[in-house]
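Enquirer: model this:
(one chain, ligands or ions: 2)
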Amino acid sequence: MSDAKIEIRGLSKSYSTGHGSLLAIDTVDLTLAEGEFVSIVGPSGCGKSTLLYVVGGFLSADGDVLVDGTPIRGPGTDRGIVFQDYALFPWLTVRRNILFGLERRDVPQAERDAVADRLIGVIGLKGFEHRYPRELSGGMRQRVAIARTMACDPAVLLLDEPFGALDAQTREMMQDELLRIWLDTRKTVLMITHDVSEAVYLSNRICIMSARPGRIVEEFSVDLDRTLPREELVVSEPFNRLRNAVWLSVRRQAVAAAHADPG
Ligand SMILES: Nc1ncnc2c1ncn2[C@@H]1O[C@H](COP(=O)(O)OP(=O)(O)O)[C@@H](O)[C@H]1O
Ligand SMILES: [Mg+2]
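Expert: Numbering: from 1, shown residues only. Ligands and ions are numbered 1, 2, ... in the order given. Below you'll find the predicted structure:
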């Protein structure tokens, strides 16, 4: 019995397109231990979202994805996903968006109210709970999307460039919030990002994906002192050494992609 939370084995996914079949990811193997925070960084179009959607159970693929040793069969409440464009339900208020998953489960009203109140506080949207998504800024919408995923308390968080559209200051606040949540709950996290500093700041391990078809070509383990405040950590020698190494590795893949044959 291993302590693997997620095992991805020999995972390949092709899409059929008007011009034939397109191999998006190619025999990806990746194991996440319980409580581990793993980031995937790679060039645009290399198959990162595809990999995350397969693990989420939204797309089928060749190969195996096991959670707690059991093959997945579609989406499940054990895996909460935050999509790249953080889709909210436009016809529901902030509060109803956050409660969406719980309202479909058999959770008593009082408990649902408590979860909503707590999460609205955590994401700093008190006073906005009855607003609709169109009345919110991008950063606020993103915080609602994360709260909606957290409301169901999934054991696994799957995050697809969750802070990609935010301005630099909001992005740092959300990263700190995610780090705090992870330190508190030790959920297993698989995060896609193309922000190298973000990956180093948040993860235990960083996997570099090649240009399409995406394969995992390099791994970095991150062993930094998480008790340090951000302003000390990000200027420290170990942080910058690792950030540069990861950056170089991603750059090699991006350059290879630029020189590869199109198609
Ligand atoms: N539904 C689809 N049908 C056909 N091709 C797709 C589909 N979704 C993604 N692709 C293609 O698969 C490749 C990987 O896409 P994606 O996983 O979104 O990459 P990334 O998230 O790394 O930018 C891209 O070339 C993309 O155009
Ligand atoms: Mg993507």
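Enquirer: what is the burial count for the nearest residue to Tyr132 once chain neighbours are set aside?
Expert: Taking Cβ to Cβ, 6 or more residues apart in numbering as the measure, Tyr132 lies nearest to Thr93, with 5.9 Å between them; neighbours along the chain are not counted. For glycine as for every other residue, the C-beta is placed from the backbone atoms N, C-alpha and C. Look at Thr93: counted by other Cβ atoms under 10 Å, it has 18 neighbours.
Enquirer: ok, Arg186 next?
Expert: For Arg186, the count of nearby residues is 13 (other Cβ under 10 Å).
Enquirer: can you start the count at 55 instead of 1 from here on
Expert: All right, first residue 55 from here; so that's Arg240.
Enquirer: distance of it from ligand 1?
Expert: Taking Cβ to the nearest ligand atom, to the nearest Å as the measure, Arg240 falls 27 Å from ligand 1.
Enquirer: likewise Arg188?
Expert: 26 Å.
Enquirer: what do you get for Gly117?
Expert: Shown here: Gly117 relative to ligand 1, a distance of 15 Å by Cβ to the nearest ligand atom.
Enquirer: burial measure for that residue, as a count.
Expert: Other residues within reach of Gly117 by the criterion other Cβ under 10 Å amount to 15.
Enquirer: and the contacts of the helix or strand it falls within?
Expert: Secondary-structure element containing Gly117, defined by DSSP states H and E: strand 116-121. Residues outside strand 116-121 that contact it (Cβ atoms under 8 Å, 6 or more residues apart in numbering): 58-67, 81-82, 108-109, 111, 125-126, 130, 132-133, 210.
Enquirer: enumerate the residues of the stretch 155-304 of the chain near ligand 1.
Expert: Within the stretch 155-304 of the chain, the positions near ligand 1 by Cβ under 6 Å from any ligand atom are Arg266.
Enquirer: which stretches of the stretch 155-304 of the chain form strands?
Expert: Counting by DSSP state E, counting those that start in this stretch, the stretch 155-304 of the chain has strands at residues 210-214, 242-246, 259-263, 270-275.
Enquirer: distance to Glu291 for the ones you listed - can I get that in JSON lines?
Expert: Rendered in JSON lines, the data for these read as follows (distance: least, Cβ to Cβ, whole Å):
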{"stretch": "strand 210-214", "distance to Glu291": "28"}
{"stretch": "strand 242-246", "distance to Glu291": "25"}
{"stretch": "strand 259-263", "distance to Glu291": "18"}
{"stretch": "strand 270-275", "distance to Glu291": "16"}
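Enquirer: what's the longest helix seen in the chain in contact with?
Expert: Using DSSP state H to assign secondary structure, the helix with the most residues in the chain is helix 291-313. Helix 291-313 is contacted by residues 95-97, 99-100, 248, 250-251, 253-255, 260, 262-266, 271-272, 274, 276-278, 287-288 when judged by Cβ under 8 Å, 6+ apart.
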